[in-house]
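Q: Here is my input; please provide its structure:
(2 chains)
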There are 2 protein chains.
Amino acid sequence: MLLAAWLNGKVINHLDVQERGFAYGDGIFSTIDIHNGQAQLLSLHWQRIQKSCLRLQITDDFLEQWQRDFESFMAHYPHCICKIIISRGCGGRGYLPDAQALPNCYFLAYQRQQHPASHQQGINTTFLEQCLGLNPLLAGHKHLNRLEQVLLRQELASLGYPEGIVCDIQGRVVEGVFSNLFMVKNHVIYTPDLQQAGVAGVMRQHILHLAQHLQYSVSVTDLLPSDFLTADEVFFCNSVYGIWPVKQLQDTLYSANPITQHLQANLYHV
Amino acid sequence: MLLAAWLNGKVINHLDVQERGFAYGDGIFSTIDIHNGQAQLLSLHWQRIQKSCLRLQITDDFLEQWQRDFESFMAHYPHCICKIIISRGCGGRGYLPDAQALPNCYFLAYQRQQHPASHQQGINTTFLEQCLGLNPLLAGHKHLNRLEQVLLRQELASLGYPEGIVCDIQGRVVEGVFSNLFMVKNHVIYTPDLQQAGVAGVMRQHILHLAQHLQYSVSVTDLLPSDFLTADEVFFCNSVYGIWPVKQLQDTLYSANPITQHLQANLYHV
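A: Just a heads-up that it's a prediction; the model follows:
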């Protein structure tokens, strides 16, 4: 349920009809868990926003103002899921942006989601049938062009699993529908390279740092379904729910997940 | 300049904050030239809208209502460029649509664009550097996920050409930035296959019909830059400006374009 919406520091009830986020998905977003007035991994979220603005050539001149507005927003909504959306602004002639337009910074507060607590102990999952396209121009960025995820989320709902594994059209494993994905084999932690497809989540970034801090070997590389089916451990992550270990993937059972548990136990301690 | 906006038959000044077109680009659009109260190629526009709704699993139960509303809209705005947007509606939990939500049908009226009349005689063009991704799940559909076109349109503006030729990441020619693309060689008319990338424009569809009606051989197939550089004629098309012949592509001059002119002369006579 939507609790509130702000645009550039002010409460709004509506969007401008000429908002380019609506016309073309011309913007980016980030989803942040705010609990007791604290936003988890906040600096990583802003780093990613800044990096994506650079890629899309949306000016980040207002970054410090956005960050100050966000502090004020957190004071008003100390318990929520906040979606930050940065769009290129309004108008322009067709695809060509208006050179004068300024970016828009939205904060949308939603009730905190209640995922079943049991998912922290492990979930069952499967590979989805629909595949992600390849798009090196935009891969890795959490932009507003998310039709693939909408279609995948509907496929996932029809299958009844809490999360599913998505491959690209060349058969590489990429991510979950709303999560990133890791596997462990022979004490090495692996996650798919996202140069061609996928969203480089903030929790994925955090876990890559955390794993190195905990002295694990880490590899970001191309991975196939067979790699996951023969892994020792598999887990999903995102910045709202943290880590979900995988108990079963199709016919493969992961009987123990000590490294996943080690990461879970230290998730916010670094 | 935006003249008016309607939602489901009523004038609006704003959008709902929870519009999924804004959140995820979860919808489709079509751009129609309305002149003297007549919409060119209207039935093809509605056919494409229906086909894309089917692909995205957006219900088209309201199609006849949308069409009636559009007649009323044309009576109010008999001279405009109309953008029809069909979105999946509002809300839902993250990517998963609200099962109860109804689609939204928007009509946005803009002032008719004044492309230079000389473009009907021919333009110079070039290949763009940025490439389209591959996305068989969504290719061909004019959906709201148009970040690639926004980036390409900016590249085009920086080069100063009226239109540019875009390839996919595997080097095949796909389309223009806001147009489809044809070539003629040895009296056969060719246009790129759009199974992997690109937008199947209504004017492209119309020209494929027209060419067959005029007894030309037509081929929809994979084409490379070298095919265009060695073609007899090349032209762009879209449903607002019709056909723009190409006079020069990089170092290649197209000295005459009789078949393109034949198509131009008969464009709305079939």
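Q: quick one: contacts for residue A:24?
A: Going by CB atoms under 8 Å, 6 or more residues apart in numbering or on different chains, residue A:24 touches A:95, B:25, B:144-147, B:149-150. For the C-beta atoms, the positions are set from N, CA and C on the backbone; glycine is no exception.
Q: Swap in 6 Å and give it another go.
A: B:146, B:150 (CB atoms under 6 Å, 6 or more residues apart in numbering or on different chains).
Q: Also residue A:95?
A: If you count contacts by CB under 6 Å, 6+ apart, residue A:95 has them with B:149-150, B:153.
Q: what about 10 Å?
A: Contacts for residue A:95 were tallied using CB atoms under 10 Å, 6 or more residues apart in numbering or on different chains; they are A:20, A:23-24, A:26, B:146-154, B:156-157, B:177-178.
Q: and stretch A:212-223, which residues are buried?
A: A:216, A:218, A:222-223 (16 or more other CB atoms under 10 Å in any protein chain shown).
Q: correction: stretch A:43-52
A: For stretch A:43-52, the neighbour count (16+ other CB under 10 Å) marks A:44-46, A:48-49, A:52 as buried.
Q: Can you tell me which of those is nearest chain B?
A: residue A:52 (10.7 Å; CB to the nearest CB).
Q: Assumed that closest one was part of a strand.
A: No: assessed with DSSP: H, G, I helix; E, B strand; the rest coil, residue A:52 is helix; it does not lie in a strand.
Q: My guess is it contacts residue A:58. True?
A: Yes: assessed by CB atoms under 10 Å, residue A:52 is found in contact with residue A:58 at 8.0 Å.
Q: where along the stretch 1-150 of chain A do the helices fall?
A: Ranges of helices in the stretch 1-150 of chain A, per DSSP state H, counting those that start in this stretch, are A:20-24, A:42-56, A:63-76, A:147-159.
Q: Residue B:85: which of these is closest?
A: helix A:20-24 (8.0 Å; CB to CB).
Q: Let me see the contact set for the spatially most central residue of chain A.
A: Nearest to the mean C-alpha position of chain A, by CA atoms, centre = their mean, lies residue A:201 at 4.0 Å. When contacts are counted by CB under 10 Å, 6+ apart, residue A:201 touches A:30-31, A:41, A:44, A:48, A:140, A:142, A:175-176, A:178-181, A:191, A:194, A:207, A:237-239.
Q: again, only this time at 8 Å
A: With CB under 8 Å, 6+ apart, residue A:201 has these contacts: A:142, A:175, A:179-180, A:237-239.
Q: cool, residue A:41 as well?
A: Residue A:41 touches A:32, A:202-203, A:206, A:239, counting by CB under 8 Å, 6+ apart.
Q: burial of the residue in the stretch 151-270 of chain A that chain B sits nearest to, as a residue count?
A: Here the stretch 151-270 of chain A gets closest to chain B at one residue, residue A:153, 3.7 Å apart by CB to the nearest CB. By other CB atoms under 10 Å in any protein chain shown, 22 other residues sit near residue A:153.
Q: That one touches residue A:176, doesn't it?
A: No: look at residue A:153 against residue A:176 with CB atoms under 8 Å: they stay out of range, at 10.3 Å.
Q: quick one: residue A:111 from residue A:3, how far?
A: Relative to residue A:3, residue A:111 is positioned 6 Å away (criterion: CB to CB, to the nearest Å).
Q: and for these two, which residues touch both?
A: Contacts common to residue A:111 and residue A:3, judged by CB under 8 Å, 6+ apart, are residue A:80.
Q: For the two, work out which one has more neighbours and name it.
A: Using other CB under 10 Å, the more surrounded residue of residue A:111 and residue A:3 is residue A:3, with 14 against 11.
Q: Now the more buried one: closest residue in space that isn't a chain neighbour?
A: Distances taken as CB to CB, 6 or more residues apart in numbering or on different chains place residue A:109 nearest to residue A:3, at 4.2 Å, with adjacent residues excluded.
Q: Make sure the one you found is actually in contact with residue A:78.
A: No: taking CB under 8 Å as the definition, residue A:109 is not a contact partner of residue A:78, at 10.1 Å.
Q: These two: which is more packed in?
A: The neighbour comparison of residue A:109 against residue A:78 (other CB under 10 Å) goes to residue A:109, with 21 against 13.
Q: got the contact list for the more buried one?
A: Contacts of residue A:109 by CB under 8 Å, 6+ apart are A:2-5, A:34, A:73, A:77, A:80-82.
Q: what bridges to it?
A: With DSSP bridges as the criterion, the beta-bridge partners of residue A:109 are residue A:4, residue A:82.
Q: residue furthest from the geometric center of chain A?
A: residue A:93 (31.1 Å).
Q: check contacts around the residue nearest to that residue when sequence neighbours are not counted.
A: Leaving out its chain neighbours, the residue that sits closest to residue A:93 by CB to CB, 6+ apart is residue B:113, at 7.7 Å. By CB under 8 Å, 6+ apart, residue B:113 lies in contact with A:93, B:81, B:240-241.
Q: filter these to the buried ones?
A: Looks like those have B:81, B:240-241 buried, using 16+ other CB under 10 Å.
Q: What is the nearest of those to residue A:185?
A: residue B:240 (54.7 Å).
Q: care to break chain A down by domain?
A: Using automatic domain parsing, the domain parsing of chain A gives A:2-110, A:117-265.
Q: Regarding the shortest one, how distant is the last residue from the first?
A: Across its full length, domain A:2-110 reaches 5 Å end to end, with CA to CA, to the nearest Å as the criterion.
Q: Return the members of the contacts of residue A:109 classed as buried.
A: A:4-5, A:34, A:73, A:77, A:80-82.
Q: Of those residues, which is the nearest to chain B?
A: Checking the buried ones among the contacts of residue A:109 against chain B by CB to the nearest CB gives residue A:5 as the nearest, at 4.7 Å.
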